[in-house]
Structures are given as C-alpha cells and as structure tokens.
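> here's a sequence, model it:
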Amino acid sequence: AMEAAAFVARHFQEEGVDCVVNMGDIIDGKCADVGRWGGDVDCIIDEVETNSDGDKISVGHDAIDNVLQSLSAYSGRILHTYGNHELYNLSRERLKEKLGIPFTMEETGDLVGYYTYLLENRSNNNNQKNEDVEQSPSSSSSFMKLRALVLDTYDLCLLDRCPDSSHKRHRAHEILSANNHNYPHEENSPEGLEGVANRFVAFNGGVDEPQLEWLRQTLDTARSSGEKVIVFSHQPIHPKSTWPTCLVWNYDEILEVLRSYNDVIIASFSGHAHKGGYVRDEESGIHFRSVEAVLESSPPIRTYAIVDVYEDKLVIRGEGDCLSDVYDLDHMKVDAKV
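Just a heads-up that it's a prediction; the model follows:
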C-alpha cells in the first residue's frame, strides 16, 4: 500500500489534479497493538517519541508520517477524512497536527472535524496547470464553482472521547446500549442484529445535531451562491451503497438532508467499506459511491481513482480494483426544493 501511495501521488502530480481526497483509514488500526499482531515490540519501543508532557506517542504517529511521505510527490491540496483506524492510534489533536484537519471545539468541549473546500476556475483539460486555466470541468466549457464538503461521521462515537466528561461519548453509549444487545461486552459485534441495525457497533459513529445544522446551512449557502457540492465522509451514508455494518449510525437523518438539496449535491463518496459499493438514490438521483481501498489489493495492483467533474456527468477513471464508471447528473436540472 505504501508503494502504491507513492505511485498514485506521482500520477496525480503528472495529471495536475486540482485536489486529492483521502477517504480515511490512512493507517492500520493494528498499529496500536503491534506486539499482538507479530511486530517487533522491542524495536518499536526504542523509537517511540514522547510529547512535551512526557507521554508516549503511539506507533501510529510514525505510521502516518510514513504515509504522508509516500504522498509527498503530489504538491496540491489533500483533503483528509478520518475514521476508526486513525482513532485507534491517535487523538484528534494529533490528527489535526498531522493531517491538517481543521478540528474545532463545540460547546460540549468535544472536538469535531467537518469542513468545506472550494475549487474554482478548473478546466476539463487535466494536463493543464491550475494557473493556466480559467474554466472549470464542464462538457459545455462553462464556469463551475465546486465545493468539497467533508463530514465528520465520528462526531458521536466512543473512540478518543473521554469516558467521564464527553457529552458525545455519553450519547454514543446510549445509542449502542439501546440498539445492540452485545454492547458493551462485545461492542464491535453485530451478532443477532438484522438488516441496517448491524450498523450499531462501536467501530462506527454518528453525526450530532450541530453538524447537521451546519450541513443544512452550508448547503443553503452553496445553493444561493450557485455552487455544486460533492460530499465526502469516511462512513457510507446510503444503506444500499455498502454493507450495513459500515453505515453511519444516523444515516437516515443525513440522507434526509442531502435529498433536500439534490439540485446542489452531485454525489457522495465514502470509505470504510474496503470492498467498495455504489447506488444511485432513487428519490434524489444523488450518486453514492464507497471507494475501494488500496490496502485490499495485492501488489502489483494499485487501487485508486481520478474523478473528472463535468456539468452533465462524473467520469470515474478507476485503477486497479477500483471500478470505472460514468454518472449522469440529470438530477441537477430539477428545481430547487424550498
């Protein structure tokens, strides 16, 4: 996967892509327990760093550095989502430092990492440099303002939340207690659950009301500004886009919001479900794609994709085990819902 990441970064740089999105699980969750999984504990312990308080920094600290080094051939903007594998190894404070995720502290005292990034003045000529073009990707060569919207689907969760003081961890505890009889003794087991109820496991999470309100407001602003939006999240949002064990807990609430802005939202991309998946929502026409993970592909296969955005379609240029496709955007022509 590291060699593949370096290859991909070089390809992205050569193509002159405007932005790269990491869909999360950038490191192995097993980094947190290398001895259990056969690693050389003595060797690793000798190299563990300490922070200013003298606390040991997880092995995941170096693992993320190694991945970022592999991606360093790409000089453009990389947007990061984060997931359970990162949180097994590192705190949100560390992820902010390493990945540049703009975590902010809500009134509850909990850190959350949702944000947007606006891409403008792009061209459908992928070989041109950004500074040399004046138009966005479009089959009609017209101007497009495209906003990447990154959701934090580990807003409500158990992972890296203080058991004593975190409001969001308390909410997560209540959600799991009410919906999974295996919790807390087998917190990651969906045994005995059926259908979409399989999502109520501890390696998943949910989106809290402040973030949902931010999502509505951001999409309202995008609509009034004439922007088009692609949503990115670590966990999948649509129940038919992947296995139910990977869904965000309150996918139904998020989906309800997204459906109300199908004149604005082009598609939603996610990670987490490493084998991938796809569905086009029948109600809204929005495309939901779970992207295949590079780590599931045996060398020399390198799995990744480049997405070309046009006014009437998305073109997915898949490599390795990532499936190529073309997504029609005829749902964008509908009148805005108010």
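
> which strands or helices does the helix or strand containing E256 pack on?
Under the criterion of DSSP states H and E, E256 resides in helix 251-259. Contact partners of helix 251-259 among helices and strands, from 3 or more C-beta pairs under 8 Å, 6 or more residues apart in numbering; DSSP states H and E: helix 209-225. Backbone N, C-alpha and C define where each C-beta goes, glycine included.

> mind saving the C-alpha coords of the helix it packs on as PDB?
Provided in PDB are the C-alpha atoms of helix 209-225 (Å, rounded to 0.1, in the frame of the first residue of the first chain):
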ATOM      1  CA  GLU A 209     -27.300  17.900  15.600                       C
ATOM      2  CA  PRO A 210     -24.800  20.900  15.500                       C
ATOM      3  CA  GLN A 211     -23.100  19.300  12.500                       C
ATOM      4  CA  LEU A 212     -26.500  18.500  10.800                       C
ATOM      5  CA  GLU A 213     -27.500  22.200  11.200                       C
ATOM      6  CA  TRP A 214     -24.100  23.200   9.800                       C
ATOM      7  CA  LEU A 215     -24.700  20.900   6.900                       C
ATOM      8  CA  ARG A 216     -28.100  22.500   6.100                       C
ATOM      9  CA  GLN A 217     -26.600  26.000   6.400                       C
ATOM     10  CA  THR A 218     -23.700  25.100   4.200                       C
ATOM     11  CA  LEU A 219     -25.900  23.600   1.500                       C
ATOM     12  CA  ASP A 220     -28.200  26.700   1.700                       C
ATOM     13  CA  THR A 221     -25.200  28.900   1.100                       C
ATOM     14  CA  ALA A 222     -24.000  26.700  -1.800                       C
ATOM     15  CA  ARG A 223     -27.400  26.900  -3.400                       C
ATOM     16  CA  SER A 224     -27.600  30.700  -3.200                       C
ATOM     17  CA  SER A 225     -24.000  31.000  -4.400                       C
END
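
> still on that earlier bit, and the helix holding E256 with helix 209-225, angle?
10 degrees (axes from the mean of the first three to the mean of the last three C-alpha atoms, to 10 degrees).

> chain center to helix 251-259: distance?
Distance, stretch centre to chain centre, for helix 251-259: 16 Å (C-alpha atoms, centre = their mean, to the nearest Å).

> can I assume R289 sits in a strand?
Yes: R289: assigned to a strand according to DSSP: H, G, I helix; E, B strand; the rest coil.

> what bridges to it?
F269, Y278 (DSSP bridges).

> list the residues that contact it.
241, 267-270, 276-278, 316 (C-beta atoms under 8 Å, 6 or more residues apart in numbering).

> ok, and the most crowded of the residues you listed?
Greatest neighbour count in the contacts of R289, by other C-beta atoms under 10 Å, goes to S270: 30 neighbours.

> that one contacts Q235, doesn't it?
Yes: judged on C-beta atoms under 8 Å, S270 makes contact with Q235 at a distance of 6.1 Å.

> overlap in contacts, these two.
Any residue near both S270 and Q235 by C-beta under 8 Å, 6+ apart counts here, and not one turns up.

> for I286, give me the pLDDT.
Here, the pLDDT recorded for I286 equals 98.

> typo on my end, it should be N124
The score at N124 is 44. That number is its pLDDT.

> can you check A1 too?
You'll see A1 listed with a pLDDT of 75.

> what about it, distance to I301?
Note on A1: its distance to I301, by C-beta to C-beta, to the nearest Å, is 11 Å.

> looking at these two, which is more packed in?
Taking other C-beta under 10 Å, A1 and I301 do not tie; A1 has more neighbours (18 against 13).

> if I read this right, the more buried one contacts L295, doesn't it?
Yes: counting by C-beta under 8 Å, L295 is a contact partner of A1 at 4.6 Å.

> about what we covered before: pull the helix holding E256 out as CSV, backbone CA atoms only.
In CSV, the C-alpha atoms belonging to helix 251-259 read as follows (Å, rounded to 0.1, in the frame of the first residue of the first chain):
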residue,chain,number,x,y,z
TYR,A,251,-27.6,7.7,8.1
ASP,A,252,-31.4,8.3,7.7
GLU,A,253,-31.1,11.9,9.2
ILE,A,254,-28.2,12.7,7.0
LEU,A,255,-29.8,11.3,3.9
GLU,A,256,-33.0,13.3,4.5
VAL,A,257,-30.9,16.5,4.5
LEU,A,258,-29.0,15.5,1.3
ARG,A,259,-32.1,14.6,-0.5
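
> element containing R161?
R161 is part of no helix or strand, with elements assigned from DSSP H and E.

> residue contacts, it?
110, 168-169, 172 are the contacts of R161 under C-beta under 8 Å, 6+ apart.
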